[in-house]
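[1] How does the following fold in three dimensions:
(2 chains)
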There are 2 protein chains.
Amino acid sequence: MSDNQADFRRELGQQLRVDSVRLAADAGSGHPTSSMSAADLMAVLLDGHLRLDYDNPHAPDNDHLIFSKGHASPLYYSMLKAVGAIDADEFATYRQFGSRLEGHPTPRIPPTDVATGSLGQGLPVGVGIALAAQKLDRLPYRVWVLCGDSEMAEGSMWEAFEHAAHYGLSNLVAIVDVNRLGQTTETMLGWDVETYAARARAFGWHAITLDGHDVEAIEVAYAAAEVTDRPTVLFARTKKGKGVAAVEDLPGKHGKPLDDPEAAIAELGGVRDLSVSVAKPESCSPHTFAVPGGSLPVWDTGSHVETRLAYGKALAALGSLRGDVVALDGEVSNSTHSEEFAHAHPDRYFEMYIAEQQMIAAAVGMQARGWVPFASTFAAFFSRAYDFIRMAAISRADLRLSGSHAGVSIGPDGPSQMALEDMASLRAVHGSAVLHPSDANQTARLVEEMATRKGISYLRTLRSKTLVRTSPDEDVHIGGSRTLRSTSDDRVTLIGCGITVEETDRAAELLAAEGIQARVVDCYSIKPIDADTLIAAARDTHAVIVAEDHWPEGGLGDAVLDALAGLDEPVIVRKLAVRIMPTSGTPEELLRAAGIDAEAIAAAAREVLASRHAAVS
Amino acid sequence: MSDNQADFRRELGQQLRVDSVRLAADAGSGHPTSSMSAADLMAVLLDGHLRLDYDNPHAPDNDHLIFSKGHASPLYYSMLKAVGAIDADEFATYRQFGSRLEGHPTPRIPPTDVATGSLGQGLPVGVGIALAAQKLDRLPYRVWVLCGDSEMAEGSMWEAFEHAAHYGLSNLVAIVDVNRLGQTTETMLGWDVETYAARARAFGWHAITLDGHDVEAIEVAYAAAEVTDRPTVLFARTKKGKGVAAVEDLPGKHGKPLDDPEAAIAELGGVRDLSVSVAKPESCSPHTFAVPGGSLPVWDTGSHVETRLAYGKALAALGSLRGDVVALDGEVSNSTHSEEFAHAHPDRYFEMYIAEQQMIAAAVGMQARGWVPFASTFAAFFSRAYDFIRMAAISRADLRLSGSHAGVSIGPDGPSQMALEDMASLRAVHGSAVLHPSDANQTARLVEEMATRKGISYLRTLRSKTLVRTSPDEDVHIGGSRTLRSTSDDRVTLIGCGITVEETDRAAELLAAEGIQARVVDCYSIKPIDADTLIAAARDTHAVIVAEDHWPEGGLGDAVLDALAGLDEPVIVRKLAVRIMPTSGTPEELLRAAGIDAEAIAAAAREVLASRHAAVS
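    The predicted structure follows:
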């Protein structure tokens, strides 16, 4: 590195600091000190190592830069200004309503791949992009992730460390800004970068410790990172608020503008207007997978099939139709049946072991590169990655999730393995779809629809076999429903999904034997829900029983109530759901104990009709 | 160790294997091979190292044994039989409906502290119990945690490793059963116990590698674990299905009974009936904290206070009234204001850094020892620990959570920091309470109630100041509500919570100016909800507008609909909630953009009334 280049990089670092101070001062909030610590690291990256065509931010061969410490957004936007990706006018809109420059970066401002701001997520997402580079795109781009030292306390970081090493991701570089100070206190390790490095090495990484304000040392470290056979991590000793004595390495200076920004800017040498020309990547095309074609599986009505098996077979078939579909699983592929895909398309299957956070993050990373990931585990265990799913929605990620082993119907394994909150938690994800088919043909059609749907789609599957009622040529779609029974004499509507469809149908038979006609609706799409069908049924019967293998809160029952909320007619809705903590038992025992079996549904229907009769007479 | 003792231990190990095989065979499901690998490790633990009075399972000085690999429940129950804690009749009920011997252990069977079965949780909980031993109980008991090697892929394990070392938990011993084989494939590290050990050492632990079937080696390792100044981990090379050639170290044998249990039992030397006398701890009493007394804080009506600050001040006051209250925070105590407690009661405050999973697990561990933990972070970041909260409910844990920075009202930080799914996800936790006070006096009263409530209680607090409307002597309780406006002429009911209470009140003023009387209800308890008040309001007005700073799914709106579901009268409910992905902005801009401000509420009320008028005329 020439003296000139070193000087330029130092000046660029100072400019990034000054601009960070200005941004937070103008906005009246933000994290300037957390930006200042990493300014030199980013200056050297921009000027000499990053290969990213900011004019073509979605070019397949671009490097990727993820700010895992998303609160350093002042630094990030200062970099975008320095490379010419945003102009001075937009720069001035930081944190303002309508601006693309949000408090924490989101994909609204290219080339940002994903939203950050929940710590410990950027590096696992980086693993996903690096996996895409090596195994899918097969392109030489590199993934650079700026991490904070505070976020090293998040277990998800170590999932990323383990998976990156396991998969040999030499194209991944983590840059840890070890500024010692968290929001309220010193980190557990402070400036002990050697201990960090020892941990990273034990996890199989190439680890470098350095002074994060020494541009020569940074140059050497990046150069070394570019030639190893393993993922590389830099543990860079830095000072929070570097360059301004009033805040430098002082506690209590997190997440607030500087008290005297003008003095700080002067101390930093004043406002600069350097621009940096970032290297562009060599133009190359991503790999595509040839596919044999074929068709989605269908099953004969009247047969009995697990919907989880239907998921696996449909996904494998989809993989034969589309080369962009990929699958990930949390080491339970013989339970979720993603193994069907793994066997058919081993080069597009990713074993993420028992690390659900890393699994979701990897899927988010892959979809950022245009791949179409389906991630599966037990439905209950998506709760482990809920923050990652939440953030994926902010990342505008297109993601497909498949959770098996829904509800008490799994039987003897007990409540730890039963998903009973998944419909609630995943309904409450912005833009999500929540699907719970009752049979194999429904499942296959929904899997096909999920592949082209934007946003986060969640499919809930059953452990046990269910009767195939839906014929292969029926219309099944996201937002649809299936009416099993309907007459003009219906006095009550029974609504189920998944395992309770069989129970509602049996309940209708019990009621029919007593002369009570019941409409039965299989609400396989919980979000969006088929409001028209439900409203028509409620208008016709004015009595609705909803049965679901889920806690009473936030699932099918609440979705039905929401669909009927605007109806200006008296409609009694009775929600049957799991209201006691389940135990082990047979599926039948547990459905009965929870009060969601046919007998309980029929009893609720009788009760509602009797109460209305009593009120009328 | 004498030859006799070694022989006894080997025999005991074989008995535990035989009994594990029998249990799974009789139940027709379960994980015998995962039990057989760890049988020798547990035999030596029972006979010579564990100090636990099984006749007094909740004695404060008992050691604790956590099966982090909860699927090895056959081994666990076989141990309980060997120590005489369960008899042969109960032993035969494994996985049957009604039995305490569930598919994965729960506290229904003493002395089990917590439910396991979601991997990677037992060790973090063990950290909590070990912290309780050292810092709260101040007793010499030890915490032993049997871990699987597959679960080493969960990041939460490394949160536990880091925190245990940071807090010097020499009373914690992790026993990792490295049987190499996961559910579907070999683990990333296989039998490479030296790499595991290097990682643990880098994280500050005393790590021992050994042959997990060599009772002498196990004895040496446990003895070493009992005399160190650091947490100890054993990485024990074992064979899954050890002792039965048909399954030993073979893939595809996870989670199923043996094909020929009789032959397996014969190969293991037949059924035995050894009983083991476990050492009892020396009797000692736990430490208690003297408290100065005092009273809960109150604020003058008309003042403006952040509910998060009220949380901190109320919690600090509660800590002065009760010596059993403890607090934990995820390194944002100056945001959540748990710092008030930390300053007042530093010896009962635990900094868990940015490791929300470990924070919840530690709280679960502490409550297992009778302490009353309050854990706080940004409300959005409880999503990081959602699986831990789910499991805490199965553990029958009494846990208090406080999440700050609810909703879009936080303003410029952007959506990554905004809790918008927390009410939905936490309503869908069995036995939970979900509370969202609108002012400081409500907050303090609810904090007080949370301390004595069973189960999981969640308090949602606001970043910005709100007007104190509730006078200190008003009745505020879990399950209650507060009616701000009510007349016999009310034509519409406006329901809010938290920040939207102000908006509903302002909307009522706007409507009153137009001659429309509105009832206004502050629904500070979302679960349980004050159904009586809501039903009365719905009967009176037949038009309800609900406004919440949350996604439309699973929050206040759905809770209100649920409360009104049984009402056999026409009631239109309009849910106002956040339906677009928020960005940065001022709180006012974001409330307006989301359509949950006073103007939007008033407009919705007018619309509903107009539609009814049109329908009538």
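[2] I'd say residue A:585 and residue A:409 touch.
    No. Residue A:585 is not in contact with residue A:409 according to Cβ atoms under 8 Å; the separation is 10.6 Å. C-beta: built from backbone N, CA, C; applies to glycine.
[3] these two touch, right, residue A:298 and residue A:444?
    Yes. With contact defined as Cβ under 8 Å, residue A:298 counts as touching residue A:444 (6.9 Å).
[4] Between these two, which is the more surrounded one?
    Neighbour count, other Cβ atoms under 10 Å in any protein chain shown: between residue A:298 and residue A:444, residue A:444 has more, with 26 against 17.
[5] mind checking how far that one is from residue A:312?
    According to Cβ to Cβ, to the nearest Å, residue A:444 and residue A:312 sit 10 Å apart.
[6] Please apply the same query to residue A:240.
    According to Cβ to Cβ, residue A:240 stands 49 Å off from residue A:312.
[7] and these two? which has more neighbours close in?
    residue A:312 (31 against 26).
[8] what's the closest non-adjacent residue to the more buried one?
    Nearest non-adjacent residue to residue A:312, counting by Cβ to Cβ, 6 or more residues apart in numbering or on different chains: residue A:337, 2.8 Å away.
[9] hang on, that neighbour packs against residue A:313?
    Yes. Shown here, residue A:337 and residue A:313 form a contact pair, counting by Cβ under 8 Å, at 7.4 Å.
[10] Between those two, which has more neighbouring residues?
    Using other Cβ under 10 Å as the criterion, residue A:337 and residue A:313 rank with residue A:337 on top: 26 against 22.
[11] residues in contact with the nearest residue to residue A:62 once chain neighbours are set aside?
    Nearest non-adjacent residue to residue A:62, counting by Cβ to Cβ, 6+ apart: residue A:52, 4.7 Å away. Residue A:52 is in contact with A:62-65, A:111, A:278-281, counting by Cβ atoms under 8 Å, 6 or more residues apart in numbering or on different chains.
[12] Which positions within stretch A:564-583 qualify as buried?
    Across stretch A:564-583, burial judged by 16 or more other Cβ atoms under 10 Å in any protein chain shown covers A:564-565, A:567, A:571-578, A:582-583.
[13] and what of stretch A:598-606?
    Neighbour-count burial for stretch A:598-606 [16+ other Cβ under 10 Å]: A:598, A:600-606.
[14] What's the mean pLDDT across that stretch?
    Averaging pLDDT along stretch A:598-606 gives 98.
[15] do stretch A:275-291 as well
    The pLDDT scores in stretch A:275-291 average 95.
[16] returning to that earlier point: from the buried residues of stretch A:564-583, which is closest to residue A:246?
    Distance to residue A:246 across the buried residues of stretch A:564-583 (Cβ to Cβ) is lowest for residue A:565, with 54.6 Å.
[17] Quick one: residues contacting the nearest residue to that closest one once chain neighbours are set aside.
    Distances taken as Cβ to Cβ, 6+ apart put residue B:573 closest to residue A:565, at 4.2 Å, once the chain neighbours are dropped. By Cβ under 8 Å, 6+ apart, residue B:573 lies in contact with A:565-566, B:544-546, B:557, B:560-561, B:564.
[18] swap in residue A:473?
    Under the criterion of Cβ under 8 Å, 6+ apart, residue A:473 has no neighbours.
[19] Quote the end-to-end distance of stretch A:271-287.
    45 Å (Cα to Cα, to the nearest Å).
[20] For it, buried residues please.
    For stretch A:271-287, using 16+ other Cβ under 10 Å, the buried residues are A:272, A:276, A:278, A:280-281, A:286.
[21] can you count the residues close to residue A:292?
    Residue A:292: 8 surrounding residues under other Cβ under 10 Å.
[22] got it, and residue A:381?
    Residue A:381, neighbours per other Cβ under 10 Å, totals 25.
[23] so what's it up against?
    Per Cβ under 8 Å, 6+ apart, neighbours of residue A:381: A:330, A:356, A:403, B:118, B:387.
[24] Narrow those to those in helices?
    A:356, B:387 (DSSP state H).
[25] re earlier: arrange the buried residues of stretch A:564-583 in JSON lines, one row each, with pLDDT as further columns.
    Output for the buried residues of stretch A:564-583, formatted as JSON lines (pLDDT from 0 to 100):
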{"residue": "A:564", "pLDDT": "98"}
{"residue": "A:565", "pLDDT": "97"}
{"residue": "A:567", "pLDDT": "95"}
{"residue": "A:571", "pLDDT": "96"}
{"residue": "A:572", "pLDDT": "97"}
{"residue": "A:573", "pLDDT": "98"}
{"residue": "A:574", "pLDDT": "98"}
{"residue": "A:575", "pLDDT": "98"}
{"residue": "A:576", "pLDDT": "98"}
{"residue": "A:577", "pLDDT": "98"}
{"residue": "A:578", "pLDDT": "98"}
{"residue": "A:582", "pLDDT": "98"}
{"residue": "A:583", "pLDDT": "98"}
